[in-house]
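# give the three-dimensional model of this entry:
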Amino acid sequence: MSAGTVPDQGSTVAPAGDSLAGRSVARMSAHPPVLVGAMLREQRRTLNLTLETVAQRAGITKGFLSEIERDKAMPSVTTLMRLRETLSLSVSSLFRSSLPRVVRSAERQVIPFGGEGMECSLVSAHDAHRMTVIWAHLEPGGRSGAEPHSLNADEEVIIVVSGVLEISVDGGEPHQLRAGDSFNFDPRRPHRYENPSSSQAARVICILAPPPK
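Down below sits the predicted model:
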């Protein structure tokens with residue numbers, strides 16, 4: 001499964017229009033990205049929580065949260081998971097899809113999964129309930145973030161379609177995967193991934209079963 005910069009607990013994030021992540025989205029997809037900020041802001045207001053309260057609970061600054069809510073900054077996957085927990089949002093809320101059963105490659109729905117220099121879209125249809133399949137495109141240097149994250153699913157399989165992906169689990173040495181390689185692990189264990197190439201994008205398929213809660 002990045003100007004004026006805003007710190008993200010160890011990762012560097014900038015306004016989407018001027019960041020690696022922002023430039024990547026513009027190049028990678030003909031469709032506008034799904035913006036996570038409005039969803040987070042709406043839930044925060046529903047729960048009657050202040051920016052300061054949510055930021056403190058998620059371990060980030062009030063200013064950075066404000067940037068995220070206005071879709072001026074993209075959080076790492078780890079920070080997005082913390083915000084989800086703080087706001088009592090399920091992981092599946094990030095994967096909402098209006099797609100029919102047949103999902104055309106040009107019509108995949110972009111999902112707000114965080115990270116730097118990467119775009120994720122749904123391959124699985126809206127009524128798939130036994131697994132979630134994600135197509136990920138990581139620009140050179142793209143990554144899930146500086147910190148490891150975990151997902152509440154039983155199993156994850158990563159298949160590299162092109163390029164190179166490095167993934168580390170439980171802080172161990174990274175496994176370097178190339179086109180055709182796959183990696184099977186328990187996504188509840190803290191993990192992170194990145195494209196180590198400085199020139200080549202990586203395309204990856206991620207299969208999660210069952211869909212994260």
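
# tell me where the protein has helices.
Per DSSP state H, the chain carries helices over the ranges 20-28, 36-46, 51-58, 62-69, 77-86.

# switch these over to JSON lines; also include mean neighbour count, distance to S182 and mean pLDDT.
From N, CA and C alone the C-beta is placed, and that goes for glycine too. What follows is the helices of the chain, written out as JSON lines (neighbours: other C-beta atoms under 10 Å; distance: least, C-beta to C-beta, whole Å; pLDDT from 0 to 100):
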{"stretch": "helix 20-28", "mean neighbour count": "19", "distance to S182": "23", "mean pLDDT": "39"}
{"stretch": "helix 36-46", "mean neighbour count": "17", "distance to S182": "28", "mean pLDDT": "85"}
{"stretch": "helix 51-58", "mean neighbour count": "17", "distance to S182": "33", "mean pLDDT": "92"}
{"stretch": "helix 62-69", "mean neighbour count": "20", "distance to S182": "33", "mean pLDDT": "91"}
{"stretch": "helix 77-86", "mean neighbour count": "23", "distance to S182": "20", "mean pLDDT": "87"}
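
# what's the closest non-adjacent residue to R192?
Once flanking residues are discounted, R192 sits nearest to P148: 4.5 Å by C-beta to C-beta, 6 or more residues apart in numbering.

# now that neighbour: how far from A38?
27 Å (C-beta to C-beta, to the nearest Å).

# again, but for E166
33 Å.

# ok, back up a step: what's the closest of the helices of the chain to V110?
Nearest of these to V110, taken as C-beta to C-beta: helix 20-28 at 7.7 Å.

# reformat the helices of the chain as CSV; add distance to S199.
Putting those into CSV (distance: least, C-beta to C-beta, whole Å) gives the following:
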stretch, distance to S199
helix 20-28, 14
helix 36-46, 29
helix 51-58, 34
helix 62-69, 30
helix 77-86, 24
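
# nearest to I207, of those helices?
The closest of these to I207 is helix 77-86. By C-beta to C-beta, the value is 16.9 Å.

# on contacts alone, who are the packing partners of the closest one?
Applying 3 or more C-beta pairs under 8 Å, 6 or more residues apart in numbering; DSSP states H and E, one finds that helix 77-86 contacts helix 51-58.
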